[in-house]
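Q: Structure, please.
(chains A and B)
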Amino acid sequence: MKVNISMMHIASILILTTVFSCTKTDPELVDEQELITSVILTFTSDGEEDQQVRWTTQLNENPTITLNSNSEYEVAVSFLDESDPTDVEDITTEVKMEADEHQVFFEFSGVPIEFGQAVSDVLDTNQNPLYINSLWSTSSPGSGAVRVYLIHEPIQKNSSDRNGFGGETDVEVDFSILVKD
Amino acid sequence: MNIIKRLVLFFILLLTSIIHGQTCDFRILGIVKDLHDGEPIFGAVVEIKGTDFYGQTNKEGYFELTGICEGSVQIIVSHIQCNPVERSLTIESDVELSFALEHHINELEEIILIENGITQVNTSVSESQMNADQLARMSNQSLAETLNVLPGVSALKTGSSIAKPMIHGLYGSRVAIIANGMRLQDQEWGADHAPNIDLNGFESVQVVKGAAALKYGGDASGGMIVLSPQRIRLKDSLYGNTILNGVDNGKGGGLSSRLTKSYDNGFYFSGQLATKYFGDRQAPDYFLTNTALKESSLGFTFGRSRILKGWQLKYTRFQNETGILRSAHIGNIQDLLRAVESEIPLRVEPFDYAIEAPKQQALHQSLQASYFNQISDQSLIRIDYNYQINSRKEFDVRRANRSELPAIDLTLQTHDFLGSIKWRNGFDWEFEWGLNGLLQDNFSNPETGVKRLIPDYLKYQIGSFITGNYKPSNIFNWEWGLRFDKVFMDAQKFYDTEDWIERGYNLMYSDYEQKNFGTQLLVNPKLNFLNISAQTGIAIRLSDSDKTTLSYILTQRAPNVSELFSDGLHHSLATIEYGNLTLDKETSHKVLLGFKKENTRLSFGIDSYLNSVSNFIYIEPTGVEQTTRGAFPVWSYNSTKVFMWGWDVFGEIQFAQDLEYTFNAAYTYAQDLTKNEPLILVPPFAFNQQMAYTFSKKNIEILLSHRFTGTQNRFPDTNFSVNLIESGTIIQKQLDVSTPPTGYHNLDIYFSLPLTNQTSFKSTIRLIVLNLTNTTYNDYLNRLRYYAAEIGRSVQLQLVLKY
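A: Numbering: from 1, shown residues only, chains lettered A, B, ... in the order given. Predicted coordinates:
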């Protein structure tokens, strides 16, 4: 019986101490590391001014890229975490460093645009282009859209469509394209 | 003695018996003691068989029966905690007797009687039970998979190794798991969180299909799963068992063992450990990559139990690491569409024991102190205190080696106190009154680098219950109970300032706003709920073989943290889930009607129920959110009015002494009355049958088990369209995530061979083949059914040793 009483004492003390010590400290703000909030495409072409088009979650409609017909553009993709305006993080570096686990890919609709790797592109260990820097060739004028993908851990790195790569989609954003005459 | 004298004596005797009937003024005096330590036992019932004479022992263990007639009588001394003792004697004068009682010593195979020797948790609510032998057969499975064979119980699965028990179509916070007399406290609110418990530490399972046992809580509208450990034998002995399993599918197995040492003086020690180790499981046509599992559990119990009082200290630890099918980790709805359209999982790799992200790790520890004391011949007190600490880590496939960093990291601590006093009023009335206090603290580690799914919170709950049982005779029984719970929740959560304003919370809950971090807002919701629950029911024995029960249960449940605060992306379902701060408590009215016929050759039973729930909290698709991963379907918690009904039938036919057939079936209907559409994830019709044949010579048993799971034709449409670019044009495709898979048949076989037949050492070797026909099928209640088929054939060798 004595054993029990002391046991119950311990139990009640345990309960009481927890009840009274239960002023929780305020939770810390989570420093989100995985987030991509903005996708920026930078177009450079000889004789043209550099064009930067930005997709962010705040936009209500897709941003428009304006290109000239029958031209070549070098397109650099960058991924940013701007959730905290005072501390913008560039995720692009991480993607480049893990070229084997990533794939950037473009799908066009409505406009005939071809793309390939740019000289400045990043290659993975098997010499596959990451397309972080790509070369776009426009032909006839028109309007359409481009879907920009960032694929994580693709099953294979050579494909002509999104499905062929498999893997998980980290980024899938649409830009409108206007190809001028 | 000559004949004349004899005749005279005979006539005198005859005469006296004609005048007085018999001499009926004798007394029986006596004392009842504990066999082990000689302490007096009070509250023992002393009766004369076949008569109305009975008495009870007082505080000193004495009893007295008066007005006893001459002749031979049979005296039975019984006590709820003890085995009854019978003694025959001839009454010619006043008698003084002494009895020594021993505690219940149940056969190991017997279904464990809980607490005070009542088989059923509630007499007026039917329940399903599983005994040690049935549990041993399934010792390789999880709790939910094991219970899946019971009528009205299903398993809500996430892949092949995460399963939650579902009762009458309800799960999660609506199903309480009671282990060793206390409620299991883990992340029961998450559909993909399996209960952190190993069945191998328990001797029996009882499933009560309603929140009838108010002692354990009044919020589990689905029902309660009561797990009881092996009862301690109160004599000098050493006993235990060991189960070894080897399985080809997953190239793994398990070992579970327990050992108890008990002494005559009531002291006992008990130890238990179990471990499971599996590699990737295999579907009929491919490996289920990353479905390996590692699990271990251990427990120690130390205590002293005597007839009138006892105490116990128990520590248990459960740990597991579960891989989640790699193909189920997807980024967006286009990935989901690709997975749904593919015949086989998108990632199939060779067999491996490694567990990579996505995976879950859980560690659950519990420390419990229990004490009971029969303070008077009419009353018994029982006190339980339990501390549980549960940590859960979930890992996602992430960039920059962050896959090793958990995306979810929760530590949940719970202090739970349950004290009750039980008393009797005469022989007809029994009451129990008690208090239940709970304090729960959840900590979400911010180091994950991912927005918290569940916020930090403190939950206080204080409850009080009173239950009563009126049993005037063996044919009628009336049960009732009432419980009040006050629940207070104090959470601290970061909201996206935009979301907070968009939902209008800034107007409704401006008091809760604590600190502004610009894009994020720290909010401190303080929520109060008062829940009332009640139960009343009757059990009537219509004849020796027939029994009927009727019960009504009122349940109120405060919304859980997930329903209130969920906030985030669900990787395997490609949905964004949002909690709802405006939710109120859920109220359920359930009526159960049961009938049971039990004969030696044929038993049959049916349980039917109606369940009307107002403010039923559920998650529904509410729109689309544009993210950098494309458009995502948003699911938000909301409440509606739901009506459910269903039935469970079960039966047993003994065709011959060596041929036994059992079957059960269950159907559940659930309708959302506001939207006028079926509820999601309701178990389809299920039918189980088993035929067991025992070869008389060697006791070899062959058991063939067949399960039919029907097609669920009642489901809400939650499909959505996906926008794709195919050869230069944008197209819309409908993604069918709501149509349930077609029904399936599942065949299992068990060969059991008893090795020795000595009383002290019993062992059985078993060959088990699950999914005998290697059928490829999908289950509606598996939330990862879009990605892969269920496990294929699995051959298991099992050795059960009892000592």
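Q: Does B:N425 touch B:G468 like I think?
A: No. Assessed by C-beta atoms under 8 Å, B:N425 is found out of contact with B:G468, at 9.4 Å. Where you see a C-beta, it was placed from the backbone N, CA and C, and this is true even at glycine.
Q: what do the two both touch?
A: B:F431 (C-beta atoms under 8 Å, 6 or more residues apart in numbering or on different chains).
Q: Neighbour count: the two, which is higher?
A: Using other C-beta atoms under 10 Å in any protein chain shown, the more surrounded residue of B:N425 and B:G468 is B:G468, with 16 against 11.
Q: so the more buried one sits in a helix?
A: No. B:G468 is assigned strand when assessed by DSSP: H, G, I helix; E, B strand; the rest coil, not a helix.
Q: Quick check: beta-bridge partners of it?
A: B:F431, B:W480 (DSSP bridges).
Q: Which helix or strand contains B:D133?
A: According to DSSP states H and E, B:D133 maps onto helix B:132-137.
Q: so what secondary structure elements neighbour the next helix or strand after that helix?
A: Once the chain leaves helix B:132-137, the next helix or strand it forms, by DSSP H and E, is helix B:143-147. Counting contacts by 3 or more C-beta pairs under 8 Å, 6 or more residues apart in numbering or on different chains; DSSP states H and E, helix B:143-147 packs against strand B:153-158, strand B:162-167, strand B:204-208.
Q: which residues are contacting helix B:143-147?
A: B:130, B:135, B:138, B:153, B:155-157, B:163-166, B:177, B:194-195, B:197, B:199, B:205, B:207, B:225.
Q: run the last query once more with 6 Å
A: Residues from elsewhere that reach helix B:143-147, judged by C-beta atoms under 6 Å, 6 or more residues apart in numbering or on different chains: B:138, B:153, B:155, B:163-165, B:195, B:199.
Q: for the stretch 651-800 of chain B, what spans make up the helices?
A: Under the criterion DSSP state H, counting those that start in this stretch, the stretch 651-800 of chain B contains no helices.
Q: which bits of it sit near chain A?
A: Contact residues (C-beta under 6 Å from any C-beta of the partner chain) of the stretch 651-800 of chain B with chain A: B:725, B:728-730.
Q: how close does B:F529 sit to chain A?
A: Distance of B:F529 to chain A, given as C-beta to the nearest C-beta, to the nearest Å: 19 Å.
Q: so that residue is in which element?
A: strand B:526-541.
Q: what helices or strands is that strand leaning on?
A: strand B:476-496, strand B:546-557 (3 or more C-beta pairs under 6 Å, 6 or more residues apart in numbering or on different chains; DSSP states H and E).
Q: If we go by neighbour counts, what in the last one is buried?
A: Using 16 or more other C-beta atoms under 10 Å in any protein chain shown as the burial criterion, the residues of strand B:546-557 that qualify are B:547-557.
Q: nearest to B:R338, of these?
A: If you rank those by distance to B:R338 using C-beta to C-beta, B:R557 comes first, at 38.9 Å.
Q: So what sits opposite the closest one in the bridge?
A: Beta-bridge partners, per DSSP bridges, of B:R557: B:E586.
Q: looking at it, it is touching B:A220, isn't it?
A: No. B:R557 lies out of contact with B:A220 (C-beta atoms under 6 Å); the separation is 7.8 Å.
Q: can you list the helices and strands packed on strand B:526-541 in a markdown table and add mean pLDDT and distance to B:T662?
A: Converted to a markdown table, the helices and strands packed on strand B:526-541 look like this (pLDDT from 0 to 100; distance: least, C-beta to C-beta, whole Å):
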| stretch | mean pLDDT | distance to B:T662 |
| --- | --- | --- |
| strand B:476-496 | 94 | 27 |
| strand B:546-557 | 95 | 19 |
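Q: and B:S562, that's in a strand?
A: No. B:S562 is assigned helix when assessed by three-state DSSP, not a strand.
Q: quick one: which helix or strand includes the closest residue to it other than its chain neighbours?
A: Spatially, and ignoring its direct neighbours in sequence, B:S562 is nearest to B:W189 (4.0 Å; C-beta to C-beta, 6 or more residues apart in numbering or on different chains). B:W189 is part of no helix or strand when elements are defined by DSSP H and E.
Q: For B:W189, the count of nearby residues, please.
A: Close neighbours of B:W189, defined as other C-beta under 10 Å, add up to 18.
Q: returning to what we had before: would you mark the buried spots in the strand holding B:F529?
A: B:527, B:529, B:531, B:533-539.
Q: go on, stretch B:576-585?
A: Quick answer for stretch B:576-585 (16+ other C-beta under 10 Å): B:576-581, B:583, B:585.
Q: neighbouring strands for the strand holding B:F529, and are they parallel or not?
A: strand B:476-496 (antiparallel), strand B:546-557 (antiparallel).
Q: Find out how far the last one is from the centre of the chain, if you would.
A: Per C-alpha atoms, centre = their mean, to the nearest Å, the displacement of strand B:546-557 from the mean C-alpha position of its chain is 18 Å.
Q: Could you do stretch B:121-139 as well?
A: In this view, stretch B:121-139 has its centroid 9 Å away from the chain centroid, taken as C-alpha atoms, centre = their mean.
Q: so where is chain A shaky, pLDDT-wise?
A: A:1-23 (pLDDT under 70).
Q: which residues of it fall in strands?
A: For chain A, the strands defined by DSSP state E cover A:38-44, A:51-56, A:64-68, A:72-81, A:89-90, A:102-109, A:113-117, A:133-138, A:142-152, A:168-180.
Q: how many other residues sit next to the residue of the stretch 701-803 of chain B found nearest chain A?
A: Going by C-beta to the nearest C-beta, chain A is nearest to B:I725 of the stretch 701-803 of chain B, at 4.2 Å. B:I725 sits with 21 neighbouring residues when counted by other C-beta under 10 Å.
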